[in-house]
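>>> predicted model and sequence follow; I will ask about them next.
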Amino acid sequence: MTLADQLVIGPVVLPAMTAAVALLVMRRRRRLGAGISLLGCILTLLAAVTLFAQASDGMIRTYPVGNWPAPFGIVLVLDRLSTGMLMLAGVLGVIVMVHAIATGADRRGWHFHPLFQFQLLGLNGAFLTGDLFNLFVFFEVLLIASYGLMLHGQGAARLKAGVAYVIVNIVGSALFLIALGLLYGLTGTLNMADLAQRVAQVPPEDAGLIRAAGLLLTAVFALKAAAVPLHLWLPRTYSATMPVVAAFFAIMTKVGVYAMIRVVPLVFGAEAGAAAWVPSPWLLPAALLTAALGFAGVLAARGLREQAAFAVLGSTGTVMIVLSAWTQPTTAATLYYLVQSTLAGATLFLVADVVLRLRGQYGDAAVAAPRFAGQQAAGLLFLAAAIAAAGLPPLSGFIGKLLMLRATTGTAAQAVIWATILLTTLLAVIGFARTGSTIFWKAAEPEAAAITAAPLPRAAFLGPTLAIGALVGWTIFAGPASDWAGSAAHQVFDTDAYIGAVLEPAAAGRTGQP
Amino acid sequence: MSLEFLVATAIAALVAGGVYLSLRGRTFQVVLGLTLISYAVNLFLFAIGRLIVDRPPIYDKAVVEHTDPLPQALVLTAIVITFGMTALVVILALRSFLESGSDQVDGRVEADQRDEDPRP
Amino acid sequence: MRKLLPHPGLSVLLLVIWLLMVNTISVGALVLGSLFAVVLPRFTAPFWPDRPAVRFGRDLLVYVAIVLFDIVVANFQVAAVILFRRNRELRARWLVIPLDLHTPEAITVLAGTISLTPGTVSSDVSADGRFLLVHALDVADPEAEIARIKQRYEARLQRVFV
Amino acid sequence: MTMVVDAIIAALILLGAAFVLIGSWGLVRLPSTMERLHGPTKATTLGLGALLIGSMIFFQARLGIWTAHELLICVFLFITAPISANMIAKVHLHRLRTGAIVEPGSIAGDPPPPGGDADWATFEAPHDGPADTAAGR
Amino acid sequence: MTLLVLLLLPFAAAMALALLARASRALHVAIAAVASAGGLALLLSMAPAVLAGERIAAHVPWIPALGLDISLWLDPLGLLFAGLILGIGLLVVLYAQGYLARTEATGRFLSFLMLFQGAMVGIALSSNVLLLLIFWELTSLSSFLLIGFWRDRADARQGARMALAITGGGGLALIAGVLLLGQAAGTYELPGILAQRDLVQQWPLYPLMLTLILLGAFTKSAQFPFHFWLPHAMAAPTPVSAYLHSATMVKAGVFLLARLWPVLAGTDLWFGLVATTGLITLIFGAAVALFRDDLKAILAYSTISQLGLMVMLLGFATPAAAVAAIFHILNHAAFKAALFMNAGIVDHETGTRDIRRLGGLARLMPLTAVGGTLAAAAMAGLPPLGGFISKEMMLEQSAHTVAVGQPWLVPALATIGATLSVAYSLRYALGLFFGPTRTGDVPAPHDPGALLLGPPLLLVAVALALGLAPMWLAGPLVMQAAAAVTGSAAVPVDLSLWHGINAALAMSVGAVVAGALLLARYPILERRVRGWRAPDAKRMFEAALGAFVERTRRVSLAIHAPSLQRALLMVFAVAALFAIDGAGVPGAIVTGTRATTPASMTAVIAWLLLLVATLAVVLMHRHRFLVLIFISVIGLVMALAFIHLSAPDLALTQIAVEVVTILLLLLALHLLPKTPRALSSVSRRGRDAVLGLFVGAATGVGAWGIMTREQGDTISSFHWANSYAGGGGTNVVNVTLVDFRAFDTLGEIIVLGIAGLAIFALLEPAVRGVAGRRLREWREDMPHSPERHPVMFVMATRLLLPIALLVGIYIFLRGHNQPGGGFVAALVFAIAILLQYLASGFDWTDERRRMGEHPLIAFGVLIAIATGLGSLAFGAPFLSSSFGYFHLPLIGEFELATAMLFDTGVACVVLGAVTMALSQLSHVAQRAARQPDEGKAS
Amino acid sequence: MIDAALHIAFAAVSLALMCNCWRLMRGPALGDRIVAMDTMVINVIAIIILIGMTGETNAYFEAALLLAMVGFVGTIAYCKFVLRGDIVE
Ligand code: NA
Ligand code: NA
């Protein structure tokens, strides 16, 4: 095995080592620790980029951890989807880390950097693994790190929300284990490729249990993705936590979506008998409601963080609406929009953070405040973030929505899907216009109390700007991006290629272009 | 009665109790509920390897029948993770109580230690 | 020597325990056991700052033998009480035993011995450390029992702990 | 020979089990808490002791393995059991004194005060007593 | 390429302006003007070719997967439209320099304006409908920014929001319509689409698609009933009004209708929707305009009316009507922009826009008056201005139009519309410039400078020229554009003032006369109209939206009330639902064929014990201390079950974890209420009990189903077979943990490490602030014994510490082959240390500890990772293990395995995390007590 | 003979477990419940030893050892809690 082949574990090992080193260094030298942490993020991103480039040849690579062959050991799978998600996590990681350091958010509590790195590790591990139990483990890693990050800083409200967030997710983990148990009990394997083969061969008398297992598993993913009615944890959690943390959390719901994309077509695809496409009847209505409730929340929100939280909810709902058709084109559209909505959600939170810091006691509430320094710049950033999040031109949100609308053409529920996507866009537009015009345009009465806020370094604008830069990039390179989404979706649905690559890595050939 | 029946009903009882308790209004009870649920989940995960009495998974060439080691490994991992989660949630609940003066998960935050039942 | 082996008795005990655990008396086990027997007491020395003066010898062996014998006998006596004595005929008593032992180690060993022999439980020590409170399940003559304990156990322990 | 060994083993097992049961039976039938506290000591000492020695011989006789593990279990139990008993007794004394227990705590009545000036440690912080020096205070 | 430059020029200017926002006003204007002029020049350079029938196109692939490419073309219609945008844009920029005060943020303003210009040019040039959509929505956005430019004004913000909501919303309908159109036509490229008339019009979804597209067009072009945003958009600075809301943006809808005319028009539905809407809007807008007093409101409603006129013409769907519409676009652009600038001048000079406070300005501001009057005349459709010609054409077309079988209906209504137009136009001119002198806030207003006066006068000149020399000035353009609209080769165009005496002339004369009469009777009319309570669209919209938002918020708050109970209830309910779903699969059975194992008496009794303890936990859950005892009984039974069922490692772990968990819960309970009041009602408890029983039963049935099935081939047979040979250990569970699935274990210890760190992060600050105060104020809630460190306990723990460490080492070393391993060993270490804490107190123990928890966690992770990375040096994947048997003299044979090193890392993390959690928790109260109470100070 | 003895022993220890269970539920004093729980640990150790003999394996020895060593920690902690509230001071 060459060192290039070994790079696969980079996205897992690099954050782990960075976390440990930062933990050791931070005790004495804070700035050095923060620098190491940032460097770790950048290196992780570089590793992800390299892997992405590797995977762009259409080949599915596998990496047997511990040198045990699949399905007996844990195998990491490198394909377009997983590397794309790695890159997304890497980009988001760097942006959020830059912002955290620039605004000093990392100094507002303990162990921000190790927790952050561990969360990155959990995300990357979840994207890479080809083993269902290992997926559970990485879910737990990213969850528990998110608990720590979520509680970073102070506040009774944050703690109360944190209690709910943690407990709901612990119950979710229990469901995951039950589902895993059922699957192992019936098939005797944990490897996803192997599982795909064995689920297809399950005798009819086991169909009920397999179906229940598949549904439970999807329910767990839906809980992470915050699909109605399993979404109740999200708004409170995201709006109560520090915005910079919430910005990183924008990818968390998408992990649930990723897991669905990874597992459902492979294991519960067309060949799964009674368990074929198990989530289908439930996912679409749930997703429609999620989008509706999310963007209704955007409309009704009275603060930027709350609004951003609902925007994340709504965008995930939108993603799942389209995903629920389970075709290759819809999945491709989903993937493009998934990346964009992650970045957009994160941007909203970063902007909310800037506003929060600029407006002192007025915070991010949609009330008039006296004119504040940096109002123009923050307003511009908000505008861009809102455009991206609502899905207006010229940013990638619009392209994503076009892709999704087009991909759902001809599906049974086209009318409902289109109506929901378009009407929720309108809700978002009005909602963002309301808060934005109040916060960035409206000026408080002259007798209003002057803002007491510490001056904000210009570097505080770097994070949101980078995030918007990423969105602009995703727009300008929408061609290659949508090609990636298309070919990634093709790989997702070419389950034979996946199974072949994982179970017979030596024999696996190149998978063709879509 | 078979062992399978005992284990299945034990799982059922633990889950039932756990679900009931986790729907109660105070963090401590909820934590207790989670504890019961995690017992049940561990037992469940263990049971999927089928029940075999007295065949510990210690490798021996002579042994033909043995218990399935993999679920055991999974349960071990699950126990550890559950422990970490439980520890965190307990301390989180405590901190939240200290911060707000109430250990209720929902509703009134202004309630305080007067919640204590005067009866012993 | 004190630095190397802060608690020589403990070291011996550790070696014995190690050999019991690994269940062999090979050279390897001895070497490894001795290593731990030396290292662990040193490592944990801060947690046991005082050094009780214990005489390991015939007195200690006799003491252990007597205690083991008493445990067996007392077990049968108490079994009879539990099985056959009616509750209202039970002669449960508190015994206040004045102590001549002073070191906490010695008092602990005495109290432990009393608890281990069925029928008596060491319940408390007085705040000044001069009395031991023992609950006895069934005694006819408390004074005689106190005297028996002092003479049979405490006197011997005084010779072990100098 | 085997017969004899088997008989010894069986006897030890039965003896041990019997004492374990008697100990627990005592827990059920003895009249009050302090009396019931005597139950576990029985189970611990002769009950488990006999079982463990039986097991030791059993492994030697059946499998030819000379295991000393059982002795080790005994050692630990002999160290820990009195501590548990002591602490439970303290709990009981404490609850008696603070009036948390309504019914009589022991048919022996309330504990007599120790001679001398001090009360029992449960009721009065040890003053310069062994416990505090031991704990380094 | 030129097209691309033409398109990018305004955007580049916008970007430059945004970056140079702090530069001087002159530079700003220069940038914008140069960009507009440059664009115009580029456009004009291409005009001859376009008019000669050449189609200039550019194509840059962008998103092939979507069919969205940067496809541009320049056809006569686009040329006409782009020319309007750039030409009027240039004039507006120049006008803005005179209009905006020096303190205004001209950079921002012109940046938005250029953004808008770019978007409009994009609409004109797009030959890909998806691309057109992008620019379409971009115009909504930039107009939002422009309307809200005076951000301090509530009406500006509301107007901006309303415009965005309506036009943006319509744009969303347009998206759906355009996508459907593309679906029907099989392409998103305009040339392709326009050729598919029959296919599209026969498509079953044509009505839906048409409706959606028209929604987009009508909202943008302020057609009734979507008109109401436009008057409120007048909150914008006048140059904006002149530009967006007269000449350009509002015409985007008309442009779209014209653009898609070849493929959409000609059906009855088209006529019914488009012509009717246009006609209604024509009359409605005009009627309202007549009774407004704000100059800009008059103009705004007149714009609505004029837009209705154009829409109506396009609705007629005849080539001649198309010509009329095109020519009217030109005329209207000229005179309406002029009028807005004129109104802006009046406002600027007199300080008011209320026509009732103004009058006789012709004497004071002659040049302004000339321009205004001429432009108004054009709007009224008086000869010899261009407006007259296009109005004639309109009347002529309506005269030939039959609606609902009534030949008189459309002409009559069109004449009414024309009459009203005459009336409001005359009212504008007469009311402002003639009659008694009223000068608003300023005593003596005068004509402004050339920058303000020049652009409108230029436009008036154009309007005049369009009447005097229409064929020369606009003939070819109108003809080519109309041909492009209708999709035919050429359309006969005859633009002239005099067409002889015909129906149109009669209607026109009638309209002028009637309009003048109407104006003469204006005071009476007005009194009557004022009596009506005209609905205020803005207020209604704001109120409706406000109510909608409020209701949404209430629903949202009700749904998302901060309730953990509800969230959990949902999770359990979904799980229950899915269990039912699984049970409903036909042919599925629960009980399998595997023989069950008979249960011993001990097993049954242990089971009973577990059930009793569980029940006790549930029933007595408020007696928290007691419940903990029951919990540890359950744990004990679990350990026993694991032993009975051949899982010694699980039993070990269970025992150790149980102890630590109980310690943790006790430490927490110390600071929590011990016996809190019950909270939930009986019915709620009943509901939860039923749900619990159901979910429990479902889980039990699932377990039963699995346990009673034969186990097929599992991957663990590989683990069994390779444990010793490949993993070097006989304890298959341990080898699985540290070798086969070491990656899981790495994650697992990281979870534990994170838990430790998170707990530290949670408790470290707990001694300050509210929590710290509460801790300090905490009073013992139960009677306590004064004794802290019982002597027997203290002495025993001293002996136990080294022994426990030894046992831990033993369990660790043995783990690979026998039950045990790093995790349990670490827990034993931790418990040994915790015992010291328990016996001797925190401070005493803490000062004797050798290693902090943080380094333990960090080094543990590093050791585990480094072990894993070691295999990379040998070209093997991460975490590949190796082991070997070594022989040393005296010591004998022993095994060394990398897995043991990995296990060392595991042990370090576990030890660090567990001691971190418990030691932090155990002295948080003491630390709080030591913390000075800063809460009182603040 | 040994098998019979083991069977009887299992029955006896199981009965003992039931006795403990009864006392655990019955109370009435806290001390009673703690004693019951403490005794249960001892009984479980006995069962483990019996299981080891029945299965002729010493694989469960560590569990018994661990239970003997740390089983009392719970008992102590409960007692300390009742006595002092704060189990670590
Ligand atoms: Na005794
Ligand atoms: Na005892």
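That came in fine, so what should we check first? Ligands and ions are numbered 1, 2, ... in the order given.

>>> for chain D, what spans make up the helices?
D:2-29, D:33-36, D:38-42, D:49-62, D:69-97, D:130-134 (DSSP state H).

>>> do the shortest one and ligand 2 meet?
Same thing as helix D:33-36. No: contact of helix D:33-36 with ligand 2 (C-beta under 5 Å from the ion) is absent, the minimum separation being 11.4 Å. From N, CA and C alone the C-beta is placed, and that goes for glycine too.

>>> before we move on, back to that, winner for burial among the helices of chain D?
Highest mean neighbour count of the helices of chain D: helix D:38-42, a mean of 30 (counted as mean count of other C-beta atoms under 10 Å in any protein chain shown).

>>> does that one reach chain E?
No: using C-beta under 8 Å from any C-beta of the partner chain, helix D:38-42 never reaches chain E; the gap is at least 14.3 Å.

>>> alpha carbons only: can I get that helix in PDB?
Output of helix D:38-42 as PDB, limited to C-alpha atoms (Å, rounded to 0.1, in the frame of the first residue of the first chain):
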ATOM      1  CA  HIS D  38     -25.900 -10.100  60.600                       C
ATOM      2  CA  GLY D  39     -27.200 -12.000  57.600                       C
ATOM      3  CA  PRO D  40     -24.700 -11.000  55.000                       C
ATOM      4  CA  THR D  41     -21.700 -11.800  57.200                       C
ATOM      5  CA  LYS D  42     -22.800 -15.400  57.300                       C
END
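
>>> which ones are touching residue E:31?
Shown in contact with residue E:31 (C-beta atoms under 8 Å, 6 or more residues apart in numbering or on different chains): E:13, E:16-17, E:20, E:110.

>>> which parts of chain F sit against chain B?
Listed as neighbours of chain B in chain F under the rule C-beta under 8 Å from any C-beta: F:51, F:54-55, F:57, F:59-60.

>>> and the closest residue to ligand 1 within the stretch 301-450 of chain A, what's its pLDDT?
Going by C-beta to the ion, ligand 1 is nearest to residue A:309 of the stretch 301-450 of chain A, at 63.2 Å. Residue A:309 carries a pLDDT value of 95.

>>> and what of residue A:504?
As predicted, residue A:504 sits at a pLDDT of 87.

>>> low-scoring stretches of chain B, by residue?
Applying pLDDT under 70 to chain B flags residues B:107-120.

>>> gap between the helix or strand harbouring residue E:47 and the chain center?
Assigned by DSSP states H and E, residue E:47 belongs to helix E:25-51. Computed by C-alpha atoms, centre = their mean, to the nearest Å, the separation of helix E:25-51 from the middle of its chain amounts to 35 Å.

>>> cool, stretch B:24-33 as well?
With C-alpha atoms, centre = their mean, you get 12 Å for stretch B:24-33.

>>> which residues touch that stretch?
Stretch B:24-33 is contacted by residues A:163, A:167, B:17-23, B:86, B:89-90, B:93, B:96-97, B:103-107, E:564-565, E:617, E:621-622, E:624, E:627, E:631, E:665, E:668-669, E:672, E:676, E:679-680, E:688 when judged by C-beta under 8 Å, 6+ apart.

>>> of the residues you listed, buried ones?
A:163, A:167, B:17-23, B:86, B:89-90, B:93, B:96-97, B:103-106, E:564-565, E:617, E:621-622, E:624, E:627, E:631, E:665, E:668-669, E:672, E:676, E:679, E:688 (16 or more other C-beta atoms under 10 Å in any protein chain shown).

>>> picking up where we left off before, show me how to select, in ChimeraX, the buried members of the contacts of residue E:31.
Remark: buried members of these, expressed as a ChimeraX selection using 16+ other C-beta under 10 Å:
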select /E:13,16,17,110
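
>>> of the contacts of residue E:31, closest to chain D?
Set against chain D, the nearest of the contacts of residue E:31 by C-beta to the nearest C-beta is residue E:20 (73.2 Å).

>>> and the nearest residue to the closest one once chain neighbours are set aside, which helix or strand is it part of?
Take residue E:20 and drop its neighbours on the chain: the residue closest to it by C-beta to C-beta, 6 or more residues apart in numbering or on different chains is residue E:107, 6.1 Å away. Element membership for residue E:107, per DSSP H and E: helix E:106-125.

>>> centre of the chain to that helix, how far?
Worked out by C-alpha atoms, centre = their mean, helix E:106-125 lies 23 Å from the chain centre.

>>> show me what that helix is packed up against.
Contact here means 3 or more C-beta pairs under 8 Å, 6 or more residues apart in numbering or on different chains; DSSP states H and E; on that basis helix E:106-125 packs against helix E:2-19, helix E:25-51, strand E:68-74, helix E:76-99, helix E:129-147, helix E:249-264.

>>> contacting residues for residue 49?
In the absence of a named chain, this looks at chain A. Residue A:49 makes contact with A:87, A:90, according to C-beta under 8 Å, 6+ apart.

>>> oops, chain F please
Taking C-beta under 8 Å, 6+ apart as the criterion, residue F:49 is in contact with D:48, D:51-52, D:55, D:70, D:73, F:64.

>>> pLDDT added to the residues you listed, as CSV?
Below are the contacts of residue F:49 laid out as CSV (pLDDT from 0 to 100):
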residue, pLDDT
D:48, 91
D:51, 93
D:52, 92
D:55, 92
D:70, 86
D:73, 90
F:64, 92
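
>>> just give me the closest of those residues to chain B.
Distances from chain B to the contacts of residue F:49, taken as C-beta to the nearest C-beta, are shortest for residue F:64 (13.8 Å).

>>> flag the shaky bits of chain A, pLDDT-wise.
For chain A, residues meeting the criterion pLDDT under 70 lie at A:506-514.

>>> ramachandran angles for the spatially most central residue of it?
In chain A, the residue lying closest to the centroid (C-alpha atoms, centre = their mean) is residue A:251, at 2.1 Å. When quoted as degrees, to the nearest 10, the phi and psi of residue A:251 stand at phi -80, psi -10.

>>> grab the nearest non-local neighbour of it.
Nearest residue to residue A:251, sequence neighbours excluded (C-beta to C-beta, 6+ apart): residue A:342, at 5.0 Å.

>>> list the contacts of the closest residue to chain B within chain F.
Residue nearest to chain B within chain F (C-beta to the nearest C-beta): residue F:55, separated by 3.8 Å. Residue F:55 sits next to B:53-54 when contact means C-beta under 8 Å, 6+ apart.
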